[in-house]
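Novice: Below is the structure, and that's it, no one-letter string:
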């Protein structure tokens, strides 16, 4: 089955700096990669996603890149703000067809943005 | 539009007691899921359902049962709670992976924090 490794487990940056979180996956058939942000005491919320036919996607200060050959994808947050502090999870899934696609999560990264 | 809701938010059980966690969604999603979240282990799938009346085992199903009698509700039951089931439980829902742009994006509820003494 799919295995997703996420690094680093903790990341501390100063406000205004950039933050990068990296994930690798094992199943080359996975074709959809969402990123979730989880604030303290809340459920994970989708912040950005990318499909395997796209190499990069950007939404304001957040961007995700995908390297299918190397089987890794990354989350980039620019101009970080204290409200970006949260736990971030990457995930991978084989989406499509008629079978259930299991969403496999990485272990999570605790991002702390210092004012 | 409330999205995904879960009840209760918190619960403390004694070993051997039973309880049911309720998940409800108002997005007309066919798929629903129950996860548990433990420190350092991310989210692990307990059971899932691809439609009303159907359920299937996930990654860590032992000690749990589920039912999906209505499309909008997914119940997670613990028949005889054990301390190892102390965790935060999240429900999620989605369209099937082959619709909605082929993503099957999962939307999560706020969680239930369960402690088993």
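Specialist: Cool, the structure landed. This one's a predicted model, so the numbers in the text were calculated from it and none came from an experiment.

Novice: only C-alpha atoms for contact and neighbour calcs from this point on.
Specialist: OK.

Novice: And for residue B:10, the neighbour number?
Specialist: Neighbour count for residue B:10, taken as other CA atoms under 10 Å in any protein chain shown: 11.

Novice: right, and it touches residue B:116 too?
Specialist: No: with contact defined as CA atoms under 8 Å, residue B:10 and residue B:116 do not form a contacting pair (11.3 Å).

Novice: With adjacent residues omitted, what lies nearest to residue B:67?
Specialist: residue B:75 (5.3 Å; CA to CA, 6 or more residues apart in numbering or on different chains).

Novice: What distance do you get for the one you found to residue A:111?
Specialist: Distance, residue B:75 to residue A:111, using CA to CA, to the nearest Å: 33 Å.

Novice: next one: residue B:20
Specialist: Going from residue B:20 to residue A:111 by CA to CA gives 34 Å.

Novice: Have a look at those two and say which one is more surrounded.
Specialist: residue A:111 (22 against 15).

Novice: Identify the bridge partners of that one.
Specialist: Listed beta-bridge partners, residue A:111: residue A:11, residue A:86 (assigned using DSSP bridges).

Novice: could you show me where the strands are in chain A, in order?
Specialist: For chain A, the strands defined by DSSP state E cover A:4-7, A:10-14, A:19-25, A:32-38, A:45-51, A:56-59, A:62-67, A:72-77, A:86-92, A:104-105, A:109-114.

Novice: Mind putting the ones you listed into a markdown table with mean pLDDT?
Specialist: As requested, those are arranged in a markdown table below (pLDDT from 0 to 100):
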| stretch | mean pLDDT |
| --- | --- |
| strand A:4-7 | 95 |
| strand A:10-14 | 98 |
| strand A:19-25 | 97 |
| strand A:32-38 | 93 |
| strand A:45-51 | 91 |
| strand A:56-59 | 94 |
| strand A:62-67 | 97 |
| strand A:72-77 | 97 |
| strand A:86-92 | 95 |
| strand A:104-105 | 88 |
| strand A:109-114 | 97 |
